[in-house]
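Undergrad: model the structure of this input:
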Amino acid sequence: MAEYKEIHGTKIRTYTTNPDNPIQGEVWYNETDNVLKFQYPNTTAAWRTGGNLNTGRENTQGTGIQTAALCFGGVPTPRGVTEQYNGINWTEVNDLNTGRYNATGFGTYTSAIAAGGSTDPGTVANAELWNGTNWTEVNDLNTARSAAAAAGADNTSGLVFGGSVPPVSATTESWNGTNWTEVNDLNTARSTLAGDGIITAALAFGGSPVTGATEQWNGTNWTEVNDLNTSRQYLAGCGTSTSSLAFGGETPGTAVFAITESWNGTSWTETADMSIARNLFGGAGASNLSGLAFGGNAAPGVTAATEEWNGATPIGTWTTGTSVNTGRYAAASAGANAEAALYYGGTTPPQSALAEQWNGSSWTEVADLNTARDGISGNGTSTSALGYGQDNPSVSGKTESWAGSSWTEVNDLNTIRRQGGGLGADNTSALAFGGENGPTDNIAATEQWNGTNWTEVNDLNTARLNLVGTGIVTAGIAVGGRTVPPGSLKSQTEQWNGSTWTEVNDTNTARYYSFGSKLTYDDSFISGGYSTTMQSLTELWNGSSWAETTDMNTARQAGGSAGTQSGGALIYSGSTPSATTAVEEWSGSSSITKTIDTD
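TA: Numbers count the residues shown, from 1 in each chain. The predicted structure is shown next:
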């Protein structure tokens with residue numbers, strides 16, 4: 001048997017209290033408490049928004065995993081529509097030969113089988129094989145049926161079980177790549193059930209008549225195991241026979257569910273709900289840690305919405321940092337990481353030209369801006385930054401460049417503005433967008449800075465002010481904000497690819513004057529801001545969707561920020577509503593320390 005040191009690379013050490021940075025899985029002895037302790041990552045389970053289907057539909061079917069999925073069939077017409085998901089977007093590909101709904105299927109997004117289903121009138125036995133490009137008709141099921149479930153690794157090997165012939169069926173058929181063979185039946189006949197796994201190890205759960213019954217397949221027989229906590233039909237599932245997820249569904253005439261349950265091989269446990277309650281939808285995923293829900297029926301009707309499941313999302317934490325010297329808001333900020341930041345301009349009130357620099361341990365006042373102002377935007381790092389735009393004492397396009405020790409006035413923006421958004425790597429490369437200037441309440445104009453001049457480029461799709469930007473001039477996002485008058489909060493996110501803006505998935509909470517991370521658009525966060533009240537909410541962006549995470553300790557708006565979602569970040573100063581000097585530090589992960597009971 002391997003010893004502890006061979007596994008973890010260290011002996012069990014003794015500490016007065018706890019080590020500062022324990023290795024994951026390390027065990028140590030705490031002399032103060034006289035106990036053994038260990039630490040493990042702090043995670044949570046959550047659904048987040050994914051890319052919408054191109055064709056919203058219900059009674060559809062899915063196969064594959066979260067980052068590589070297939071959706072096919074459904075209603076309304078056309079019923080043969082097939083789409084592939086790459087983890088961000090759905091793309092229409094070649095249709096089924098026989099359009100249908102309430103089909104079942106198994107496999108991957110490049111190697112799948114679609115079988116059974118309904119046309120009008122009646123059920124069908126048709127089976128089709130997907131090779132990643134086209135559907136090809138293959139041998140039919142022995143028993144025509146709709147609303148069955150399936151399990152299988154690819155288009156050469158799988159099971160179809162249950163369904164409605166009518167009546168409801170317990171029939172199970174096995175596919176060997178050429179033919180279907182009847183094998184042992186389910187113990188409980190049912191339709192509209194969910195299933196997952198492979199030909200030798202599968203799981204069947206839920207269904208109609210409404211049940212929570214769960215059965216496990218060992219390659220020969222079905223065995224009844226522990227039921228779902230919530231009985232339901234028209235649900236979806238994904239995973240394996242020992243690591244599965246059940247989500248959504250309905251009890252007819254009573255409720256449509258967002259409920260999610262996780263299977264560990266023995267029992268079901270309720271976990272985080274989907275954002276959208278739905279039934280008659282598709283699902284895909286590898287295990288109870290990674291899943292996908294798409295389409296279906298969700299009030300008030302058919303939806304194209306997609307949600308992504310992560311069963312082990314790291315939980316980040318906010319901690320108190322070293323305060324800035326002078327609290328202010330409506331200022332600009334820069335900083336590539338949590339160890340080096342710059343904060344400049346704003347109002348205390350009155351308007352300020354003050355600049356402060358953070359070196360990882362303290363804030364130091366450095367050379368002032370040439371023009372005191374608030375409503376300023378900015379970008380860059382603590383040693384190479386840009387500030388542009390101005391609210392008070394008058395709206396302007398004034399731009400100043402920071403070279404690490406002093407500010408230099410450079411060429412102005414073409415469109416004067418205040419309270420706009422900005423992003424960019426340094427003082428030679430920036431993007432300014434949105435804002436307002438009085439004659440124009442809400443600006444969509446975007447300008448790109450090349451180190452010497454501003455050039456007008458393609459506008460935002462949604463004109464707005466008080467929005468936040470993150471990224472660089474070839475890959476960035478513009479998030480949230482508001483329009484005036486009348487006041488309207490914005491949740492829109494637009495992605496910049498170096499030449500145009502494209503609308504992508506919205507934030508979960510519409511707000512303006514938020515804090516945002518800096519140089520990486522696909523490792524971003526926003527926090528704080530204002531909606532109907534001052535906010536402390538934090539949302540994380542993975543390049544395609546937003547997910548809510550740990551709140552800041554202090555609700556605030558319109559301050560400074562530096563860093564990234566995963567690498568660590570700072571939020572500093574702002575309005576609470578009075579100007580605050582408070583700083584919070586973000587860590588993208590956290591740990592839980594446990595005591596080993598030796599009694």
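Undergrad: quick check: which ranges of the stretch 301-450 of the chain have low pLDDT?
TA: For the stretch 301-450 of the chain, no stretch has pLDDT under 70.
Undergrad: try it again at 80.
TA: Residues of the stretch 301-450 of the chain meeting the criterion pLDDT under 80: 313-315.
Undergrad: which stretches of it form strands?
TA: Along the stretch 301-450 of the chain, counting by DSSP state E, counting those that start in this stretch, strands occupy 301-302, 306-314, 317-320, 332-337, 340-344, 355-358, 363-366, 377-380, 385-390, 396-402, 407-410, 421-426, 429-433, 446-449.
Undergrad: which one, of the ones you listed, ends up nearest to Thr260?
TA: Evaluated with CB to CB, the strands of the stretch 301-450 of the chain place strand 306-314 nearest to Thr260, the distance being 7.3 Å. Placement of C-beta: from N, CA and C, glycine included.
Undergrad: touching the closest one from outside, list them.
TA: In this structure, residues lying in contact with strand 306-314 by CB atoms under 8 Å, 6 or more residues apart in numbering are 41-53, 66, 85, 90, 245, 247, 260, 262, 271, 274-276, 285, 287-295, 545, 547, 549, 588-590.
Undergrad: list the buried residues of that strand.
TA: Residues 306-311, 313-314 are the ones in strand 306-314 that count as buried (16 or more other CB atoms under 10 Å).
Undergrad: just checking: what are the partner strands of that strand?
TA: Strand 306-314 sits in its sheet next to strand 43-49 (antiparallel), strand 290-294 (antiparallel), going by DSSP bridges.
Undergrad: CA atoms only for it - export them in CSV, please.
TA: Provided in CSV are the C-alpha atoms of strand 306-314 (Å, rounded to 0.1, in the frame of the first residue of the first chain):
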residue,chain,number,x,y,z
THR,A,306,-30.2,26.8,-24.0
GLU,A,307,-28.8,26.3,-20.5
GLU,A,308,-25.4,24.7,-19.5
TRP,A,309,-24.9,22.7,-16.3
ASN,A,310,-21.7,22.7,-14.3
GLY,A,311,-21.9,20.6,-11.2
ALA,A,312,-18.5,21.8,-9.8
THR,A,313,-18.2,25.5,-10.4
PRO,A,314,-15.4,27.0,-8.2
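Undergrad: my guess is Asn52 meets Ile276, correct?
TA: No - using CB atoms under 8 Å, Asn52 is not in contact with Ile276, being 11.5 Å away.
Undergrad: need the overlap of contacts for these two.
TA: Taking CB under 8 Å, 6+ apart as the contact rule, the neighbours common to Asn52 and Ile276 are Ala305.
Undergrad: higher neighbour count, these two?
TA: Neighbour comparison, Asn52 and Ile276: the larger count goes to Ile276, with 19 against 16 (by other CB atoms under 10 Å).
Undergrad: so the more buried one sits in a helix?
TA: No - assignment of Ile276 by DSSP: H, G, I helix; E, B strand; the rest coil gives coil, placing it outside any helix.
Undergrad: pLDDT at the closest residue to it other than its chain neighbours, what is it?
TA: Once flanking residues are discounted, Ile276 sits nearest to Ala298: 4.9 Å by CB to CB, 6 or more residues apart in numbering. Listed pLDDT for Ala298 reads 95.
Undergrad: enumerate every residue touching Ala298.
TA: The contact partners of Ala298, by CB under 8 Å, 6+ apart, come to 256, 276-278, 305.
Undergrad: how distant is stretch 120-130 from the center of its chain?
TA: How far stretch 120-130 lies from its chain's middle: 35 Å, per CA atoms, centre = their mean, to the nearest Å.
Undergrad: now swap in stretch 411-430 and tell me
TA: Here stretch 411-430 is found 29 Å from its chain centre; the criterion is CA atoms, centre = their mean.
Undergrad: for the stretch 1-150 of the chain, which segments count as helices?
TA: 4-8 (DSSP state H, counting those that start in this stretch).
Undergrad: got any ranges where it has weak pLDDT?
TA: Low-confidence segments of the stretch 1-150 of the chain (pLDDT under 80): 1-12, 17-26, 28-29, 31, 33, 37-44, 77-78.
Undergrad: could you pull out the strands in it for me?
TA: 13-15, 27-30, 35-41, 43-49, 61-65, 68-72, 82-85, 90-93, 104-107, 112-115, 127-130, 135-138, 149-154.
Undergrad: for burial, what's the neighbour tally of Asp95?
TA: By the criterion of other CB under 10 Å, Asp95 has 16 neighbours.
Undergrad: wait, doesn't it sit right on Asn134?
TA: No - counting by CB under 8 Å, Asp95 stays clear of Asn134, with 9.6 Å between them.
Undergrad: relative to Asp522, how far out is the nearest residue to Ala425 once chain neighbours are set aside?
TA: Once flanking residues are discounted, Ala425 sits nearest to Ile472: 4.8 Å by CB to CB, 6+ apart. Taking CB to CB, to the nearest Å as the measure, Ile472 falls 11 Å from Asp522.
Undergrad: neighbour count winner among the two?
TA: Shown here are Ile472 and Asp522; by other CB under 10 Å, Ile472 has more neighbours (20 against 15).
Undergrad: ok, residues contacting whatever helix or strand Gly469 lives in?
TA: According to DSSP states H and E, Gly469 maps onto strand 468-472. Strand 468-472 has contacts (CB under 8 Å, 6+ apart) with 377, 379, 421-425, 429, 431, 433, 476-481, 496, 514-521, 524, 526, 541.
Undergrad: just checking, what packs against the next helix or strand after that strand?
TA: Scanning forward in sequence from strand 468-472 by DSSP H and E, the next helix or strand is strand 475-479. Using 3 or more CB pairs under 8 Å, 6 or more residues apart in numbering; DSSP states H and E, the elements in contact with strand 475-479 are strand 421-426, strand 468-472, strand 493-496.
Undergrad: for Ser575, which of those strands is the nearest?
TA: strand 468-472 (14.9 Å).
Undergrad: so how far is that closest one from its chain's centroid?
TA: Computed by CA atoms, centre = their mean, the chain-centroid distance of strand 468-472 equals 18 Å.
Undergrad: relative to strand 421-426, how tilted is that strand?
TA: Compare the direction of strand 468-472 with that of strand 421-426 by axes from the mean of the first three to the mean of the last three CA atoms, to 10 degrees and you get 30 degrees.
Undergrad: now do the buried residues in stretch 177-196.
TA: Under the neighbour-count criterion of 16+ other CB under 10 Å, stretch 177-196 has 180, 183, 186, 188-196 buried.
Undergrad: care to break the chain down by domain?
TA: 4-41, 45-310, 319-587 (automatic domain parsing).
Undergrad: can I get these in a markdown table including distance to Lys594?
TA: Putting the domains of the chain into a markdown table (distance: least, CB to CB, whole Å) gives the following:
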| stretch | distance to Lys594 |
| --- | --- |
| domain 4-41 | 6 |
| domain 45-310 | 19 |
| domain 319-587 | 19 |
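Undergrad: of all those domains, which lies closest to Ile596?
TA: It's domain 4-41; of the domains of the chain, that one is closest to Ile596 (CB to CB) at 4.1 Å.
Undergrad: how many neighbours does the nearest residue to Thr428 once chain neighbours are set aside have?
TA: Nearest residue to Thr428 in three dimensions, chain neighbours excluded: Gly451, at 3.6 Å (CB to CB, 6+ apart). Number of residues near Gly451 (other CB under 10 Å) recorded here: 12.
Undergrad: got a list of what Gly451 touches?
TA: Gly451 sits next to 427-429 when contact means CB under 8 Å, 6+ apart.
Undergrad: for Gly335, same thing?
TA: Contacts of Gly335 by CB under 8 Å, 6+ apart are 341-342, 358, 381-382, 518, 561-563, 570.
Undergrad: change it to 7 Å
TA: Counting by CB atoms under 7 Å, 6 or more residues apart in numbering, Gly335 touches 341-342, 381-382, 518, 562-563, 570.
Undergrad: of those residues - the most surrounded one?
TA: The contacts of Gly335, ranked by neighbours (other CB under 10 Å): first place Ala341, 29 neighbours.
Undergrad: just put the contacts of Gly335 in TSV and tack on distance to Thr371.
TA: Listed next are the contacts of Gly335 as TSV, based on distance: CB to CB, whole Å:
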residue	distance to Thr371
Ala341	21
Leu342	16
Thr381	21
Ser382	20
Lys518	23
Ala562	23
Gly563	27
Leu570	25
